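Participant: Predicted coordinates and the sequence they were generated for:
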Amino acid sequence: MEVRPVGAVFRPHSSPCEAPLAELRQITKRFGGVTALQDVTLEVRAGEIHALVGENGAGKSTLMKILAGVYPPDGGEVRLRGRTVTFADPFEARQHGISIVFQELSLFPHLSVAANVFANAEPHRAGLLEERRMARATRELLSSLGCDLDPGVRVGRLRAGERQLVEIARALRQASTVIVLDEPTSALTGPEVERLFLILRQLRERGLGIVYVSHRLEEVFALSDRITVLRDGRHQGTWLTGEVDAAQIVQAMTGRALQEFQRTRGGQERSGAPLLEVRGLVTARLAAPLDLQVWPGEIVGLVGVEGSGVEEVFLSLFGLERPLAGEIRFEGRPVRLRGPDDAIRLGWALVPPNRREQGLIMGWPVRSNISLALLERLARGVGWLDGLQERRIADQIVRSLGIVAEGVDQPVWQLSGGNQQKVVVGRWLATRPRLLLLYDPTRGIDVGAKREIHRLCDALAREGLGILLTSSELEEVVGLSDRVLAFHRGRAVRAFGPGEATREALLRCILGAGEPAMQGAEERGGPTHG
């Protein structure tokens, strides 16, 4: 993959002699005997978008949490406009103009947009909440971002991109001068990403300093003015975006040259029945019945924007949503899924779209999260678990996936987002599945770990597993899949055979500019719809 810088000329609103909005100098942070950061320096200037990149465990999240007042540094100092400051907590950091939008959004889903924007700062008069004032101010903030959301709507009803805007509006309401965004596009569609980029460029023009933490190098090069790289808790360098390329950044991140994974398809001959066959599947989001086949050793990709029906296919196949009609067959036999337990007994595994809400128990240690799908195998009588075997399996998964953790007893909430994602993937690999349902499996994972998972998918397919895949990165679907099925408005609109899918062709289909009907599916043995 070659990524070329776009619009990368750095034109800060501050002059070179003006103090940065925020500066982290020689920051060191230790957790027990582990040094997470060692003498790291980062500055954020007015009117710039500063990208912070590095592999999982490189220290990015720890550094940003120090800036946001979550952690105190063990060494070094935090400076705002040239003055050294210390924060007792995130609330004090926000009072000084520092806001952070975490990868897993911290909104209250059962409260309104306005209530979330004013959380912990609600205006009162005579002991009564001034809801009209909150709604009016929220509407003005959202309008300044080019958004016409109803301030009274519950946040839980919003799409991912809209929730992201609510987070940014809350930061602006707090009069932030520095905004940190941690993997902000991991759950966004293509159009939502473009909208977010437009807003961030507008905020840059207003003179705000923005720290953009991302694993997606194409976004980093399209958006940022400068790039800072961390590796193993150390500062590797800071560059003007226009003076460096993707290969150099990956070299700094990993210590290795960029080698993009290219899957070599095994070309296994089909014989007998498909491993998985879906006939006439109808759900609340599928406007037309869906037929779908996955053969042993095959990776089939499904792509579509939010609401296109792709997510419902995955949920239905794992027993999390009851189809309205249709038949599901596995190895030639019809199956009935009353819940996830039935799918697991069949040897099916699902990596879900939201790891925190659907994939992990955040307070449990790594080993317990990995063994969660193995309880029947590990049980030794009523109420007893084979702890030695559990630890042995967890240790093996941690090593094979390169999970950065102090050990298998570390609570999973303490891991970085990418390492949490690896725990979810590792849990299901430990079950030795026969059918693997991968929903955005490399979300929030760095380029090195992403290559590891790509190679793992290839190896599993070669062993005869069937894999159903969707990803927010179209290039990932194109690179891994033998066949791809594109969805638009609840309908499978086109099937792409081996080597036919391209990012551009998929975009045309999922955005409604492609072919209105399935093409060539029957000739290729691919999926069709009624």
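Facilitator: Arrived safely.

Participant: would you list every one of the helices in the stretch 151-300 of the chain?
Facilitator: Ranges of helices in the stretch 151-300 of the chain, per DSSP state H, counting those that start in this stretch, are 160-173, 190-205, 217-223, 246-254.

Participant: Kindly reformat the ones you listed as JSON lines containing distance to residue 435.
Facilitator: The C-beta positions use only the backbone N, C-alpha and C, and glycine is treated the same way. Compiled in JSON lines, the helices of the stretch 151-300 of the chain are given as follows (distance: least, C-beta to C-beta, whole Å):
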{"stretch": "helix 160-173", "distance to residue 435": "27"}
{"stretch": "helix 190-205", "distance to residue 435": "28"}
{"stretch": "helix 217-223", "distance to residue 435": "31"}
{"stretch": "helix 246-254", "distance to residue 435": "32"}
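
Participant: Redo the ones you listed as JSON lines? Include distance to residue 323, mean pLDDT and mean neighbour count.
Facilitator: JSON lines is the format used below for the helices of the stretch 151-300 of the chain (distance: least, C-beta to C-beta, whole Å; pLDDT from 0 to 100; neighbours: other C-beta atoms under 10 Å):
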{"stretch": "helix 160-173", "distance to residue 323": "24", "mean pLDDT": "82", "mean neighbour count": "21"}
{"stretch": "helix 190-205", "distance to residue 323": "28", "mean pLDDT": "85", "mean neighbour count": "16"}
{"stretch": "helix 217-223", "distance to residue 323": "36", "mean pLDDT": "89", "mean neighbour count": "20"}
{"stretch": "helix 246-254", "distance to residue 323": "43", "mean pLDDT": "84", "mean neighbour count": "19"}
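
Participant: any idea how far residue 248 lies from residue 475?
Facilitator: According to C-beta to C-beta, to the nearest Å, residue 248 and residue 475 sit 20 Å apart.

Participant: low-confidence ranges in the stretch 301-450 of the chain?
Facilitator: Within the stretch 301-450 of the chain, the ranges that satisfy pLDDT under 70 run 381-383, 444.

Participant: For residue 500, grab the count of nearby residues.
Facilitator: A count of neighbours around residue 500, defined by other C-beta atoms under 10 Å, yields 15.

Participant: That one looks like it's in a strand, true?
Facilitator: No: assigned with DSSP: H, G, I helix; E, B strand; the rest coil, residue 500 falls outside any strand and is coil.

Participant: Tell me how many other residues crowd residue 95.
Facilitator: Residue 95 has 12 neighbours, counted by other C-beta under 10 Å.

Participant: Next one: it from residue 80, what distance?
Facilitator: Distance, residue 95 to residue 80, by C-beta to C-beta: 11 Å.

Participant: Minimum distance to residue 237: which of the helices of the stretch 151-300 of the chain has it?
Facilitator: helix 246-254 (6.0 Å; C-beta to C-beta).

Participant: starting at the chain centroid, how far to the closest one?
Facilitator: 21 Å (C-alpha atoms, centre = their mean, to the nearest Å).

Participant: Kindly report the same for stretch 54-62.
Facilitator: Relative to where its chain is centred, stretch 54-62 has its mean C-alpha point 15 Å off (C-alpha atoms, centre = their mean).

Participant: Need the distance between the two termini of that stretch.
Facilitator: Distance across stretch 54-62, first residue to last, is 12 Å (C-alpha to C-alpha, to the nearest Å).

Participant: Need the residues that contact it.
Facilitator: Stretch 54-62 is touched from outside by 29, 36-37, 40, 52-53, 71, 182, 213, 229-234, 236, 253-254, 404, 416-419, 422, 445-449, with contacts defined as C-beta atoms under 8 Å, 6 or more residues apart in numbering.

Participant: Please indicate which of those are buried?
Facilitator: Neighbour counting over these (16 or more other C-beta atoms under 10 Å) leaves 29, 36-37, 40, 52-53, 71, 182, 213, 229-233, 236, 253-254, 404, 416-419, 422, 445-449 as the buried ones.

Participant: Inside strands: which ones of these?
Facilitator: Here DSSP state E is the test, and the buried ones among the contacts of stretch 54-62 give 29, 36-37, 40, 52-53, 182, 213, 229-231, 236 as lying in strands.

Participant: And those residues, which is the shakiest by pLDDT?
Facilitator: Across those, the bottom pLDDT score, 85, is held by residue 182.

Participant: Distance check, that one against residue 242.
Facilitator: To residue 242, residue 182 is 24 Å away according to C-beta to C-beta.

Participant: same thing with residue 463?
Facilitator: Applying C-beta to C-beta to residue 463 and residue 242 gives a distance of 45 Å.

Participant: the more surrounded of the two?
Facilitator: Regarding residue 463 and residue 242, a neighbour count based on other C-beta under 10 Å identifies residue 242 as having more, with 16 against 12.

Participant: Residue 175 contacts residue 97, doesn't it?
Facilitator: Yes: taking contacts as C-beta atoms under 8 Å, residue 175 lies within contact range of residue 97: 6.3 Å.

Participant: Looking at the two, which one has more neighbours?
Facilitator: Of the pair residue 175 and residue 97, residue 97 is the one with more neighbours under other C-beta under 10 Å, namely 19 against 10.

Participant: Quick check: bridge partners of residue 290?
Facilitator: Applying DSSP bridges to residue 290 yields these beta-bridge partners: residue 281, residue 529.

Participant: And for residue 43?
Facilitator: residue 23.

Participant: residues near it, how many?
Facilitator: Residue 43, neighbours per other C-beta under 10 Å, totals 18.

Participant: can you tell me which residues contact it?
Facilitator: By C-beta under 8 Å, 6+ apart, residue 43 lies in contact with 20, 22-24, 50.

Participant: Not counting residues beside it along the chain, what's closest to residue 433?
Facilitator: residue 349 (3.9 Å; C-beta to C-beta, 6 or more residues apart in numbering).

Participant: you'd agree the one you found is in a strand?
Facilitator: Yes: looking at residue 349 with three-state DSSP, it is inside a strand.

Participant: I'd like the distance between it and residue 441.
Facilitator: 11 Å.

Participant: Show me where the stretch 51-200 of the chain has its strands.
Facilitator: Remark: strands assigned in the stretch 51-200 of the chain by DSSP state E, counting those that start in this stretch are 75-80, 83-85, 98-101, 124-125, 128-129, 178-182.
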